[in-house]
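A.B. asks: Everything below, folded, please.
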Amino acid sequence: MPANGTELPKAKDLWYKLSPEALSRRPSPLKTAFKYAIDPKIVSLGGGLPLPAYFPFESLSATAPAPPFQTYNNPELAKDAPMISVSVDRYNHANDPGMIPLATAMQYGQSDGCKPLLEWIYEHTETVHHPPYSNWGCLMTVGNTQGLDAALRLLCSRGDSIIAEEYTFSSAMETAHAQGVKSVPVKVDLEGILPKELDEQLASWEGPLPKFLYTIPTGQNPTGGTLSNERRKAVYEVLQKYDIMIVEDEPYYFLQMDPYVPGASKTAPPPPPTAQEDPEKYSKFLSKLITSYLSLDVDGRVLRLDSFSKVMAPGTRLGWIVAQAPLIERLTRQNEVSIQTPAGMSQAIVYSLLSKWGQEGYLDWLVELRKEYTHRRNVCLDALSKYFIEPTGYAPKGLGEYVEWIGPTAGMFFWLKFNARKHPSFGKLSPLEIESKIYEAAIEHGVLFIPGSWFRADQDPVDPKVIPGEGEDADIFFRGTFATVPEAQLIRGVELFAETIAKEFGAAN
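C.D. replies: Alright, predicted model coming up:
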């Protein structure tokens, strides 16, 4: 219920959107009996549960940073950063509410996730997104790729189609392809989806409409684009018009950054204030976040995929889906006969950390990540300006006439656009051949950028030798990341790629 006390409506009934596979799922009889197997008043001889006393683990423990994290990522101060110990025991003899005992976490059951962690995620989702209908729910996954696999099985059958940004996460498209689902590209610019073009595309669609839009609207992979609030609202309204679902894949949502200021990387970013120094710290942080599709979703047509992979560590293999309750129930039935539940060890240790941090401590961590990623983005964009735009020994006039980019405001990636027509081999070579030539030349020169064509939403084979005619698109793209390597290597990598581009496009002449 909203803070003003107004009761929210229920989501629209979208049961008719489910695939035959999803509709045919039945509750596992053994899972329905599990509630009795864990009832201390009942002697359970019916379940095939191993005795926790035979689990060969007495406890798990880890050391982690403590809020507010102001010194944790500072090389000069990190050794003195405050730390906390998180631990999980076989049994919770102390009745610690911040612990999921190993006897529970490592046992069968709980297909939607360990209850304490799931409750924590419910509170987090309400705090950040305020879903505008009452009957929403959450389900644990082993990350967003598995979450997408589940969404495809929930909503699609072989022969169906989905739509996605023109360039998108290639593994997501392979997930769809393996299920016999065709992915159709939606026109984008460097920010993201163009609502008017989307409307026109759907208005002229031949055959059954796509089952859903798959989108990475914040810090998009590979382009780094972040769709504005205005465009998100317009896209949502287009999909309402055509009654199409939305799968909102948001692993980079909290890696949103402060605006870029040229030359900002020359000074270290100041530490964010503590909550004592600024009592409105958390509300300010939340108010700066871009509006999610979940927050706009008055119908219940959004399945939001969330994850700890980019804000904690990919190896946690912990994510979750937020959707209307009837869809969560169907996804729970799917979990029961597929992943069962994410790894209990991971759920237990992550929940132990989150319970010590608390909701505000987790927001502190996200504020710190915002600061760090903002600085790394600034380092990258300053390097791009220095080596691509300013005159250099390898490009006396700079490379500005060959390259275009928009500074990312979220995520981990930057996306460089080149007009292949300006390459001296254009006409003899196609854009895709030029892209491949640049890719190989960059590797030979000591730097790796990923060709944009690898991220095409339309994964149908294309003739790489086709040369576009006059007025036809001849753009090629490359994806880089500012998240992976130390700053000095990031700067050097940008310089090496600029040298490669100068040589390839003949800019030294």
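
A.B. asks: number of nearby residues for the residue nearest to Phe497 when sequence neighbours are not counted?
C.D. replies: The shortest distance from Phe497 to any non-neighbouring residue, by Cβ to Cβ, 6 or more residues apart in numbering, is to Val447 (5.1 Å). Any C-beta I mention is one placed from the backbone N, CA and C, and that applies to glycine too. Using other Cβ atoms under 10 Å, Val447 is surrounded by 19 other residues.

A.B. asks: Do a quick rundown of the strands in the stretch 401-509 of the chain.
C.D. replies: With DSSP state E, counting those that start in this stretch applied, the stretch 401-509 of the chain shows strands at 403-404, 413-419, 450-451, 475-481, listed in chain order.

A.B. asks: wait, the residue nearest to Phe497 sits on Ile501?
C.D. replies: No - judged on Cβ atoms under 8 Å, Val447 makes no contact with Ile501 at a distance of 10.7 Å.

A.B. asks: Of the strands of the stretch 401-509 of the chain, which is nearest Arg301?
C.D. replies: Comparison of the strands of the stretch 401-509 of the chain against Arg301 by Cβ to Cβ identifies strand 413-419 as nearest, at 27.7 Å.

A.B. asks: Just give me the neighbour total for Glu58.
C.D. replies: When neighbours are defined as other Cβ under 10 Å, Glu58 has 9 of them.

A.B. asks: Excluding chain neighbours, give the residue nearest to it in space.
C.D. replies: In space, Glu58 is closest to Arg90, 5.6 Å off (Cβ to Cβ, 6+ apart).

A.B. asks: got the buried residues for stretch 135-142?
C.D. replies: Across stretch 135-142, burial judged by 16 or more other Cβ atoms under 10 Å covers Trp136, Gly137, Cys138, Leu139, Met140, Thr141, Val142.

A.B. asks: Now that stretch - C-alpha only, CSV.
C.D. replies: Extracted in CSV, the C-alpha atoms of stretch 135-142 (Å, rounded to 0.1, in the frame of the first residue of the first chain):
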residue,chain,number,x,y,z
ASN,A,135,-0.5,-8.4,-6.3
TRP,A,136,3.2,-8.4,-7.3
GLY,A,137,5.7,-11.0,-6.1
CYS,A,138,9.3,-12.1,-6.4
LEU,A,139,11.1,-15.3,-7.3
MET,A,140,14.8,-16.2,-6.9
THR,A,141,16.8,-17.1,-10.0
VAL,A,142,20.5,-18.0,-10.6
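
A.B. asks: For it, which outside residues touch it?
C.D. replies: 10-11, 112-114, 117-118, 121-122, 125, 147, 150, 300, 305, 307, 317-326, 328-329, 331-332, 335, 339, 341-343, 347 (Cβ atoms under 8 Å, 6 or more residues apart in numbering).

A.B. asks: Buried among those? Need that as a selection in ChimeraX.
C.D. replies: Selecting only the buried entries of the contacts of stretch 135-142 in ChimeraX, with 16+ other Cβ under 10 Å as the criterion:
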select :11,112,113,114,117,118,121,125,147,150,300,305,307,317,318,319,320,321,322,323,324,325,326,328,331,332,335,339,341,342,343,347
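
A.B. asks: Sweet, I'm off.
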